[in-house]
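Undergrad: Sequence unavailable; structure follows:
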């Protein structure tokens, strides 16, 4: 989701690998295709959409995979991965908020094992959050806009974290007093750890009563900490043992091994002169081992790895013979869980929200079918899983604060296939 570039250090608690450089001259987009001729023709408009975007300087390079009914219909790598180096299909990307669905799956694995309860108070696992308060307007005050803290009407639950109805906020999307206090607390600030994040969060009042409305927030980061406490394992180890290893996601993690760093795609920021390389304060650094394993936005991955994760969702929790979630749990994750709660951030697109991802909630004659799930990352990455059409797509670029490109690619795909 889109944030001012200057806030990314607080959101990611990490730094970027490259200093800012002047944008190099744009060369003709280079592409790599592995689809056969018949499959390429079906998605030719989508392929051309990506090549045109690169030619026009919308992004430097991209990797895009599309499958339908288990068959790969598009495998595309185009443009540059790094200055002067062609993009390859195995390029590694900062996926930011595409970490959130993975964290949701991790929590649901523990729910399936009855180690974690959806409707249990979060304070059962994180006692520091037992006495949270909510900031509300003080209608008895003489000064307009005055606020006061009140007790929560009910405890924040694990389900609230999964659905971003916890009452928490990021602090960067609004100008309320609760947002300001969140920013001042530095909950995701430099050097934070899982423990200190929760300690700082305990001092900040909630923006809304738990369970009353959708607010995009640090909920997934808190959920990641819950997974660590319940499993008694660091989040990276739990992810590897319970999700990445079983699914064969060999290039996904919170850092990138030295032997793979030449595959990390360069990250960009759009300035007055066009795209430039992101500075060290503007993107995740693949060379660093983070002090905080962000369940909300800390992962690196590849299109192939994330396609495996998507196909697990398409398989209702299983990829081939490997089952990650119970079928019922996976279907619940991909179903609307807001039940009519206000969600202004999603309402303008007609979307609902499940556990850690959006749910397409409008039936249209063209485009993704109702029930399609999707999400994206702040650097332009995105995915979707259309269970009715059996279509899965992953789109990867590295442009900070330009999360709209993935949606444009998805529309191009559905325009290509005519449904």
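TA: Thanks, I have the structure now. The structure presented is a predicted model; accordingly, all values stated were derived computationally and were not measured. Numbers count the residues shown, from 1 in each chain.

Undergrad: hmm, which helix or strand of the chain has the shakiest average pLDDT?
TA: Here the helix or strand of the chain ranked lowest by mean pLDDT, DSSP states H and E is helix 8-12, holding a mean of 38.

Undergrad: dump the residue contacts of the residue sitting nearest the centre point of the chain.
TA: Taking Cα atoms, centre = their mean, the centroid of the chain lies closest to residue 97, which sits 1.9 Å from it. Residue 97 sits next to 1, 296-297, 375-378 when contact means Cβ atoms under 8 Å, 6 or more residues apart in numbering. All C-beta spots, glycine's among them, are computed from the backbone N, C-alpha and C.

Undergrad: Just the closest of the residues you listed to residue 55, please.
TA: Lowest distance from residue 55 to the contacts of residue 97 (Cβ to Cβ) belongs to residue 376, with 22.9 Å.

Undergrad: Could you list everything that closest one pairs with in the sheet?
TA: residue 382 (DSSP bridges).

Undergrad: Quick check: buried residues in the lengthiest strand in the chain?
TA: When the chain is parsed with DSSP state E, its longest strand is strand 71-82. Buried residues in strand 71-82, counted by 16 or more other Cβ atoms under 10 Å: 73-82.

Undergrad: try stretch 161-180
TA: Under the neighbour-count criterion of 16+ other Cβ under 10 Å, stretch 161-180 has 161-172, 176-179 buried.

Undergrad: Out of those residues, which two sit at the greatest distance?
TA: 162 and 177 (26.5 Å).

Undergrad: quick one on the thing from earlier: pull the most distant pair out of the contacts of residue 97.
TA: 296 and 376 (13.2 Å).

Undergrad: where does the stretch 201-350 of the chain have low pLDDT?
TA: 348-350 (pLDDT under 70).

Undergrad: quick one: residue 254 from residue 411, how far?
TA: From residue 254 over to residue 411 the distance is 32 Å, taken as Cβ to Cβ, to the nearest Å.

Undergrad: Over to residue 377?
TA: Counting by Cβ to Cβ, the gap from residue 377 to residue 411 is 18 Å.

Undergrad: So for those two, which sits in the more crowded spot?
TA: The neighbour count for residue 377 versus residue 411, taken as other Cβ atoms under 10 Å, is higher for residue 377 (26 against 15).

Undergrad: Specify the local secondary structure of residue 214.
TA: Of the three states, residue 214 takes coil under DSSP: H, G, I helix; E, B strand; the rest coil.

Undergrad: List the contacts of it.
TA: Residues near residue 214 by Cβ under 8 Å, 6+ apart: 163-165, 338, 341-346, 353.
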